[in-house]
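**Student:** could you look at this predicted model? Sequence included:
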Amino acid sequence: MKATNGNHPQICRQNIGDAEISYLLYEGEGPPLIFLHATGFQPWLWHPLARELAGAYRIVAPSFGDHRESDPENGGLSWATLAEDTIRLCDALQLTRPFLVGHSMGATVHMIANAFYGLPAAGMVLIEPILLPREFYLGHMRVDEHPIAARAIKRIDFWRDRDEAMTYLHSRALFQRWDEEMLELYINHGMTGGENGGLRLVCSPRREAALFMGGRQFDPWPLLPKVSCPVLIVEGEKSENRGFIDLDRIQSLIPNCERRLVKDAGHLIPMERPREVTLLIREFFSAPRLEEKGPVGRSICQQHSQDESHDFAAREARAGRGSGRAGSNL
């Protein structure tokens, strides 16, 4: 697959009240589909999948790396806040009863948005969702005590030029199974020019660490029985996460849940096997059990709907949260 072929997205920005979110928009005549990326990555890594699905869906892929300030040493950015921001974005763009696809952090954020905040969803594909052992969400933890944030904050963040960056990626085990187009997209959109030349990561090591730390602020395990739509969990056969994330239990607790194993893939399945993941998404979302049971997405250009079931203020009032941000006290 070549990045120069197929549908190209619009690059858009949307104010959600107290923050502004950038997102990729692939216009289409079908229902809305929201892609949420993994920690530290960019929505452009969904491009090889989104361009194949565009037309059948109206696709939105937000960037959750830099839209809010956060301090990794002060708890980071709660994933519950990201879930709330997902709903605010849906309200602003009039995305009604969307299909949801998330990877890693993005998968967990989607699940929280549906099961905790009540985002109506037509179906979810959760690619290696991150639900850690329950004790991980208890007590205080410094960045240097967090097994992933401690590495992320020390991540290499400078390359003299594109060739050096590509050589580095090819040398790292994390990237060695990646599709070549994905590597190109990662350099083109996941890196930017530094003040003194060279390339730096768009999501800085400090911001990435803050996102990892934010994953501790909200325990998602009690939410699993409350997931209100059909779910497909996708896992990598060679994922390093299989040793400490209990996908068997996750599947058993979600009321309507299936699971698929991607052979020879690690945790970063969409980057390693984009064609296979695209096929899984297309097949799951087109299955008869997911036939439409309510209104689907409206045009982004239409006026804001007054439908209370998808009005953020009404949901907040029913939940008794008032105007406070749910993520601030978690």
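**Tutor:** Arrived safely.

**Student:** format the CA atom coordinates belonging to the helix or strand hosting Leu82 as CSV.
**Tutor:** Using DSSP states H and E, Leu82 sits within helix 79-93. The C-alpha atoms that make up helix 79-93 are tabulated as CSV, following Å, rounded to 0.1, in the frame of the first residue of the first chain:
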residue,chain,number,x,y,z
TRP,A,79,-8.0,8.3,30.4
ALA,A,80,-11.4,9.1,31.8
THR,A,81,-10.8,12.7,30.7
LEU,A,82,-10.0,11.4,27.2
ALA,A,83,-13.2,9.4,27.2
GLU,A,84,-15.1,12.5,28.2
ASP,A,85,-13.4,14.4,25.4
THR,A,86,-14.4,11.7,22.9
ILE,A,87,-18.0,12.3,23.8
ARG,A,88,-17.6,16.1,23.6
LEU,A,89,-16.1,15.6,20.1
CYS,A,90,-19.1,13.4,19.1
ASP,A,91,-21.5,16.0,20.3
ALA,A,92,-19.7,18.8,18.5
LEU,A,93,-19.5,16.9,15.2
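
**Student:** output the contacting helices and strands for that helix.
**Tutor:** strand 10-15, strand 20-26, strand 32-36, strand 58-62, helix 105-115, helix 205-214, helix 312-319 (3 or more C-beta pairs under 8 Å, 6 or more residues apart in numbering; DSSP states H and E). In this view, the C-beta of every residue, glycine as well, is placed from N, C-alpha and C.

**Student:** what's the second one packed up against?
**Tutor:** In this case it means strand 20-26. On a contact count with 3+ C-beta pairs under 8 Å, 6+ apart, strand 20-26 meets strand 10-15, helix 47-53, strand 58-62, helix 79-93.

**Student:** hmm, who's touching the third one?
**Tutor:** Outside of strand 58-62, the residues that reach it under the criterion C-beta atoms under 8 Å, 6 or more residues apart in numbering are 9, 21-37, 43-44, 46, 50, 53, 86, 89, 93, 95, 98, 297, 300.

**Student:** show the buried residues in those.
**Tutor:** Among these, those buried by neighbour count (16 or more other C-beta atoms under 10 Å) are 9, 21-26, 28, 30-37, 43-44, 46, 50, 53, 86, 89, 93, 95, 98, 297, 300.

**Student:** lowest-confidence helix or strand of the protein?
**Tutor:** When each helix and strand of the chain is scored by mean pLDDT, DSSP states H and E, helix 312-319 comes last, with a mean of 40.

**Student:** ok so, going back, out of the helices and strands packed on strand 20-26, nearest to Arg172?
**Tutor:** helix 47-53 (20.6 Å; C-beta to C-beta).

**Student:** elements contacting the closest one?
**Tutor:** strand 20-26, strand 32-36, strand 58-62, helix 180-190, helix 274-285.

**Student:** hmm, who's touching the longest one?
**Tutor:** Residues external to helix 274-285 that are found in contact with it (C-beta under 8 Å, 6+ apart): 1, 33, 48-49, 52-53, 56, 99, 101, 122-123, 125, 127, 179, 181-182, 230, 232, 234, 258, 260, 262, 265, 269-270, 290.

**Student:** now do the contacts for the residue nearest to His189 when sequence neighbours are not counted.
**Tutor:** Using C-beta to C-beta, 6 or more residues apart in numbering and skipping the chain neighbours, the partner closest in space to His189 is Trp44 (3.8 Å). Contacts here follow C-beta under 8 Å, 6+ apart; on that basis Trp44 touches Leu24, Ala61, Leu185, Asn188, His189, Gly190.
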